[in-house]
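**Q** Just the structure for this:
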Amino acid sequence: MPERSIFRAGERLAPREVVGVDPQLEDWRQCSPAWIAGALAKAQARPSGGWYALDGSDALGREPRRFVVAGRELVAWRGPQGALRVAPDACPHMGASLSEGHVCEGRVVCPWHGLALGDEGRGRWRPLPSHDDGVVLWVRLEAPGEAVTARPILPERPAAPIAAVVRMEARCAPEDVIQNRLDPWHGAHFHPHTFAQLRVLERGDDEITVRVAYRLLGRVGIEVDARFHCVDPRTIVMTIVRGEGTGSVVETHATPLGDGRTAVIEATLATSDRPAFRVLRRFGALLVRPFMERIARRLWVEDAAYAERLAALRGGAATAERGEDRRHEAGAGRG
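**A** Numbers count the residues shown, from 1 in each chain. Sure, this is the predicted structure:
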């Protein structure tokens, strides 16, 4: 695809040798379904420690909130000193939804009969391991044969970023979300309003580095090199490795909800070595954060459609395969 002309603001990056792909090929030829499948398989094989992202830290206030993770109904609330607590949503007394109650002195209070529940639990009802890293809220659900870790597996983050988190839902599986991010070739085609140019610089076994021109306003943009890699089966991270905002990261977490749905929790942690960034972080974060969230939501409206299409195609293939199996079984029966 011919590159769209763009006026670059800030640093113009020096040319780099391209590794792992033929730069003369069109994007659709470079984009290898076999490579994406292999990189996805490697991501799925990584340990998760049992942790699932819930939402941004700022999304949980004074009232309890209901979440569903892998088919399990949970309630999250702020316990003593504002610490995160997560537990089964059903009250152990008569099954009322605790997320419809309230919080009093760090305990979640049942809306039906006023039972206050805290860290000591009651009967088989107990809070689950949870973690608030200051950006994202997490819960740990243990599965047979899965090794657990004390904390979520996090990528390297900038020290003092401006952070923004969005949460959206899509009718797909977590691997469809990760696969979307392992396909950067679609960027300038599917999101021309945000990406003026995108070229793959390096493709390894399970990570990929791209040079991308982000649109700031019309034909004015900035150029950065960004690396995509997976840190666990449900998280893929984009890290800016050269250009404006080096060290900034975008973490895309995919949490299964159940019934074929997945929550996408995307955290953008922006940083810069420019002196103006310190002023912006101190006084302008409340203005910048909504802008960052708006960009992320706009992209994920489109990328959710991409992930849902992957899920639909996979479902159609599975249906066709089951039909073929039934036809073979019927033929064997007639024989």
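
**Q** what sits against C104?
**A** A116 (Cβ atoms under 8 Å, 6 or more residues apart in numbering). Yep, even glycine has a C-beta here, placed from its N, CA and C like the rest.

**Q** One more pass at 10 Å, please.
**A** The contact partners of C104, by Cβ atoms under 10 Å, 6 or more residues apart in numbering, come to 114, 116.

**Q** in the stretch 201-335 of the chain, which spans are helices?
**A** Taking DSSP state H, counting those that start in this stretch as the test, the helices found in the stretch 201-335 of the chain are 275-279, 285-334.

**Q** rank the ones you listed by pLDDT, which is bottom?
**A** With a mean of 76, helix 285-334 has the lowest mean pLDDT of those.

**Q** For A226, grab the count of nearby residues.
**A** Residues near A226, counting by other Cβ atoms under 10 Å, number 24.

**Q** So it is in contact with G247, correct?
**A** No - using Cβ atoms under 10 Å, A226 is not in contact with G247, being 11.4 Å away.

**Q** so what sits against both of those two?
**A** 239-241.

**Q** Closest one to E156 out of these, please.
**A** Nearest to E156 among the shared contacts of A226 and G247: T239, at 7.6 Å, using Cβ to Cβ.

**Q** What residues are bridge-paired with the closest one?
**A** R227, V249 (DSSP bridges).

**Q** ok, it to D273 distance?
**A** 15 Å (Cβ to Cβ, to the nearest Å).

**Q** These two - which one has more neighbours?
**A** When T239 and D273 are compared on other Cβ under 10 Å, the one with more neighbours turns out to be T239, at 22 against 10.

**Q** quick one, what contacts that one?
**A** Counting by Cβ under 10 Å, 6+ apart, T239 has contacts 155-158, 207, 209, 225-229, 246-251, 269.

**Q** Swap in 7 Å and give it another go.
**A** Contact partners of T239, counting by Cβ atoms under 7 Å, 6 or more residues apart in numbering, are 226-227, 249.

**Q** For R289, which non-adjacent residue is spatially closest?
**A** Computed as Cβ to Cβ, 6 or more residues apart in numbering, the closest residue to R289 that is not its neighbour in sequence is A164, at 4.6 Å.

**Q** on that earlier part again, between the shared contacts of A226 and G247, which is closest to I265?
**A** T239 (17.6 Å).

**Q** And the closest one, what's its pLDDT?
**A** For T239, the model assigns a pLDDT of 98.

**Q** likewise G218?
**A** Value listed for G218 in the pLDDT field: 75.

**Q** now do the one 5 residues further on
**A** We note a pLDDT of 92 for E223 in this prediction.

**Q** got a list of what it touches?
**A** Contacts of E223 (Cβ under 7 Å, 6+ apart): 8, 12-13, 211, 213, 243.

**Q** So what's the residue count around the nearest residue to C110 once chain neighbours are set aside?
**A** Sequence neighbours aside, C91 is the residue nearest to C110 in space, at 4.4 Å (criterion: Cβ to Cβ, 6+ apart). When neighbours are defined as other Cβ under 10 Å, C91 has 23 of them.

**Q** that older thread, compare the contacts of E223 and tell me which has the most neighbours.
**A** A213 (25 neighbours).

**Q** Give the bridge partners for that residue, please.
**A** Q197, E223.

**Q** Does it touch Q197 like I think?
**A** Yes - shown here, A213 and Q197 form a contact pair, counting by Cβ atoms under 7 Å, at 4.2 Å.

**Q** if we can go back for a sec, ok, the shared contacts of A226 and G247 vs P192, which is closest?
**A** I240 (20.7 Å).

**Q** residue contacts, that closest one?
**A** Taking Cβ under 7 Å, 6+ apart, one finds 224, 226, 246-248 in contact with I240.

**Q** related to what we said a few turns ago, same list, the contacts of T239, but as JSON lines with pLDDT and distance to D119 please.
**A** Listed next are the contacts of T239 as JSON lines, based on pLDDT from 0 to 100; distance: Cβ to Cβ, whole Å:
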{"residue": "A226", "pLDDT": "97", "distance to D119": "42"}
{"residue": "R227", "pLDDT": "98", "distance to D119": "40"}
{"residue": "V249", "pLDDT": "98", "distance to D119": "33"}
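
**Q** what's the first-to-last distance across stretch 129-145?
**A** One end of stretch 129-145 to the other measures 18 Å (Cα to Cα, to the nearest Å).

**Q** Could you do stretch 254-269 as well?
**A** 17 Å.

**Q** Please apply the same query to stretch 15-24.
**A** OK, stretch 15-24 end separation, Cα to Cα: 15 Å.
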